[in-house]
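*Asks:* need a structure here:
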Amino acid sequence: MFDALKNLKDKAEELAETHGETISQGLTKVGEFIDDKTDHKYSDKIDTGVEKAQDFVEHLGEKKSSD
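*Replies:* Numbers count the residues shown, from 1 in each chain. Prediction:
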C-alpha cells in the first residue's frame, strides 16, 4: 500500500511539473465560477483558497524538478 501511495505522489509531482500552469489556470476558473454562484459573498475566502491550491501545485512541481 505504501508503494501505491508513493507512486501516486510521484505522479502528482510529475503532473504538477508538466502541467502546472494549466492546473493553475483551471483553479482560477473554478474559483471564479464558485464566486459567481455564491453571489460574491465569499470572494476573499475563495481567493485565499485558490491561491493556496496554486501554491501547493507550484511546490509539487518544484519538488519533482529538484529530484
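*Asks:* only C-alpha atoms for contact and neighbour calcs from this point on.
*Replies:* OK.
*Asks:* wait, Gln54 touches Leu27, no?
*Replies:* Yes: with contact defined as Cα atoms under 8 Å, Gln54 counts as touching Leu27 (7.2 Å).
*Asks:* any idea how far Glu14 lies from Val57?
*Replies:* As judged by Cα to Cα, to the nearest Å, Glu14 and Val57 stand 10 Å apart.
*Asks:* check Lys6 too.
*Replies:* Distance from Lys6 to Val57, by Cα to Cα: 17 Å.
*Asks:* go on, Lys9?
*Replies:* Distance from Lys9 to Val57, by Cα to Cα: 12 Å.
*Asks:* looking at the two, which one has more neighbours?
*Replies:* More crowded of Lys9 and Val57, by other Cα atoms under 10 Å: Val57, with 21 against 14.
*Asks:* in which helix or strand would I find the residue nearest to the more buried one when sequence neighbours are not counted?
*Replies:* Using Cα to Cα, 6 or more residues apart in numbering and skipping the chain neighbours, the partner closest in space to Val57 is Ala16 (5.7 Å). When secondary structure is defined by DSSP states H and E, Ala16 falls within helix 2-37.
*Asks:* what's the first helix or strand after that helix?
*Replies:* Tracing the chain C-terminally past helix 2-37 and defining elements by DSSP H and E, one meets helix 43-66 next.
*Asks:* which positions in that next one come out as buried?
*Replies:* 43, 46, 50-51, 53-54, 57-62, 64 (16 or more other Cα atoms under 10 Å).
*Asks:* and the angle for the helix or strand of the chain with the lowest mean pLDDT with helix 2-37?
*Replies:* Across the helices and strands of the chain, mean confidence by mean pLDDT, DSSP states H and E is lowest for helix 43-66: a mean of 90. When axes from the mean of the first three to the mean of the last three Cα atoms, to 10 degrees is applied, the directions of helix 43-66 and helix 2-37 differ by 150 degrees.
*Asks:* which helices and strands sit right next to helix 43-66?
*Replies:* Applying 3 or more Cα pairs under 8 Å, 6 or more residues apart in numbering; DSSP states H and E, one finds that helix 43-66 contacts helix 2-37.
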